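# Structure of the sequence below:
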Amino acid sequence: MMEAAGAAAASFIIRSISKRPVAVLCGRGNNGGDGFVVARKLKEAGWKVRLGLVGEKTGLKGDAALMANLFEGEVEPLGPSLFEGAGLIVDALFGTGLARAIESPEREIIEAANAHAAPKIAIDLPSGVKADTGEILGVSIEAAATITFIARKPGHLLFPGRALSGLVEVADIGVRDKLIGAATPSIYENHPALWAGRWRRPGFSTHKYDRGHAAIVSGPRLKTGAARLAALSALRVGAGLVTVLSPSDAANENATHLTAIMLREANDAAAIGGVLADKRFTAALIGPGAGVGAQTREGVFAILGSAAGGVFDADALTSFEGEEPGFFARLRGDDVLTPHIGEFARLFPQLKELSRLDAARAAAKAAQCVIVLKGADTVIAAPDGRAIINSNAPFDLATAGAGDVLAGVIAGLRAQGLPGFEAAAAGVWLHGAAGALVGPGLIAEDLPNALPSVLRSLFAPPQSRPEDKKNT
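Numbers count the residues shown, from 1 in each chain. Got it, this is the predicted structure:
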């Protein structure tokens, strides 16, 4: 496997980069063994290679020692002089097992490598990035690309590790899919393959009520825009009907803007509960623009007392700061909470020191529902320990109202019958794809209108090319 890993990394370098002098940095463990294979393969391909090793070659053990002995070339002490004339630096200092802060002499060599103009290629993971959290352990290689094996690690997807990994290439080193499946992974990178099969697409006999009815609770007068953004998003993602439940003082304000989305007055929790007594409502969202306080808390409980799947965002979460146990006790397994990091800290103060992945999983277990911990590397977690890390969201989504759109998309998917975990994962992926489609200049109002194009590309059958058509 070490031979296959090093050969795959060398093949990537030869395919991707023009021939140039290369410095290979090797550590004391198996990652260093990979580096010896890379150096040997590049040397065999005619590259000028200098290899630097931490410590003595005689100190290597096992497969790493074997690969070091197969390398026919000088093994130099690791130092900044290794970079003289280098056009490429290969990082094989530390692999996925690193769990301590990097110290000298590796720290100085990493800092010198980062200061050098040559691009850096990391083997398996940039040295200094913690594999399961993406944290920096003191210092890290800033890689232009990373060649990893079998599958991406959480550290490739979670920031800051994601920013330090550059382009990530996953190489096949001969591990069979059935062996990977036997490992029963619980952490995934977000992808339609995880949830598209649970999404019932409409057919010729579909009625709008077959596609679900989402209720979106509006805030009071002059605070209604967030709910309307969410409602439009729920409709765009495929809910058959969407109704905004509005306080009377905001009804005219909402009516001025709503057309395909319906409107009903609901001034308090009793009215919300009365509307949701109609079993045709299959999902309900509260939080965007709702206001913080007792009235919002009661609205949350009205949803939890109904058969509608609950999505709770923004003010609906902050309203339970200091009163989390009563909230958690009422939540159901398919309910979805969508906090950003500030709301998360208010709702789960005991978890704020954990890594994002660990925090989201612990929160899902504590609340016994689905958690969407929002950010550039959004984590979706289920009470049973499963977690999905999203990687398709552009930084353009850091704009007012984008979170309201996401909550509405998830509510629209819940309305259509997707379970909470799959609805949350699909919603986050679609939200990211819509953001990427719009790109720079994006504002929240753009996102719902970008969803049809994203859905078309996701579900449309392959189109034949003109040259494939034959005259009949």
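# Domain-wise, how is the protein divided?
Structural domains annotated on the chain: 2-185, 192-459, as defined by automatic domain parsing.
# now those domains as TSV including mean pLDDT and mean neighbour count?
C-betas here are computed from N, CA, C, even on glycine. Rendered in TSV, the data for the domains of the chain read as follows (pLDDT from 0 to 100; neighbours: other C-beta atoms under 10 Å):
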stretch	mean pLDDT	mean neighbour count
domain 2-185	94	19
domain 192-459	97	21
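# Helix or strand: which one has L98?
If you go by DSSP states H and E, L98 is not part of any helix or strand.
# Find the nearest non-adjacent residue to it, please.
In space, not counting the residues next to it along the chain, L98 is nearest to L137; the distance is 6.1 Å by C-beta to C-beta, 6 or more residues apart in numbering.
# Hmm, that neighbour is touching E106, no?
No - look at L137 against E106 with C-beta atoms under 8 Å: they stay out of range, at 10.6 Å.
# Against R107, how distant is the residue nearest to L98?
10 Å (C-beta to C-beta, to the nearest Å).
# Taking the centroid of this protein, which residue is nearest it?
The centroid of the chain falls nearest to N390 when counting by C-alpha atoms, centre = their mean (1.5 Å).
# Check whether that one really touches A433, as I assumed.
No - here N390 lies out of contact with A433, judged by C-beta under 8 Å, at a distance of 10.4 Å.
# Alpha carbons of stretch 358-374, as CSV, please.
Once side chains and other backbone atoms are set aside, the C-alpha atoms of stretch 358-374 remain, and they are given as CSV (Å, rounded to 0.1, in the frame of the first residue of the first chain):
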residue,chain,number,x,y,z
ASP,A,358,-17.5,17.1,17.4
ALA,A,359,-19.7,20.0,18.6
ALA,A,360,-22.4,19.4,16.0
ARG,A,361,-22.5,15.6,16.7
ALA,A,362,-22.6,16.2,20.5
ALA,A,363,-25.4,18.8,20.0
ALA,A,364,-27.5,16.4,17.9
LYS,A,365,-27.1,13.8,20.6
ALA,A,366,-28.0,16.2,23.4
ALA,A,367,-31.1,17.7,21.6
GLN,A,368,-32.0,14.3,20.0
CYS,A,369,-32.7,16.0,16.7
VAL,A,370,-30.9,17.1,13.5
ILE,A,371,-28.3,19.9,13.8
VAL,A,372,-27.2,22.1,11.0
LEU,A,373,-24.1,24.0,12.3
LYS,A,374,-23.8,26.7,9.6
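# So which residues of the stretch 151-300 of the chain form helices?
Counting by DSSP state H, counting those that start in this stretch, the stretch 151-300 of the chain has helices at residues 154-157, 161-165, 177-182, 225-236, 251-255, 269-276, 294-304.
# Looking at those helices, spot the one closest to A4.
helix 177-182 (14.4 Å; C-beta to C-beta).
# follow-up on the earlier one: export the helices of the stretch 151-300 of the chain to TSV and append columns for distance to D396.
TSV is the format used below for the helices of the stretch 151-300 of the chain (distance: least, C-beta to C-beta, whole Å):
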stretch	distance to D396
helix 154-157	19
helix 161-165	16
helix 177-182	34
helix 225-236	16
helix 251-255	28
helix 269-276	34
helix 294-304	30
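# Compare the ones you listed and report which one is nearest to S355.
Between S355 and those, the tightest spacing by C-beta to C-beta is seen for helix 154-157, at 8.7 Å.
# Packing partners of the closest one?
helix 161-165 (3 or more C-beta pairs under 8 Å, 6 or more residues apart in numbering; DSSP states H and E).
# which helices and strands does the helix it packs on pack with?
Going by 3+ C-beta pairs under 8 Å, 6+ apart, helix 161-165 lies up against helix 154-157.
# how far is the helix it packs on from where the chain is centred?
Centre-to-centre, helix 154-157 and its host chain are 9 Å apart (C-alpha atoms, centre = their mean, to the nearest Å).
# who's in contact with it?
Helix 154-157 is touched from outside by 96, 125, 129-135, 146, 148, 161-162, 165, 168, 187, 189, 357, 377, 389, 391, with contacts defined as C-beta atoms under 8 Å, 6 or more residues apart in numbering.
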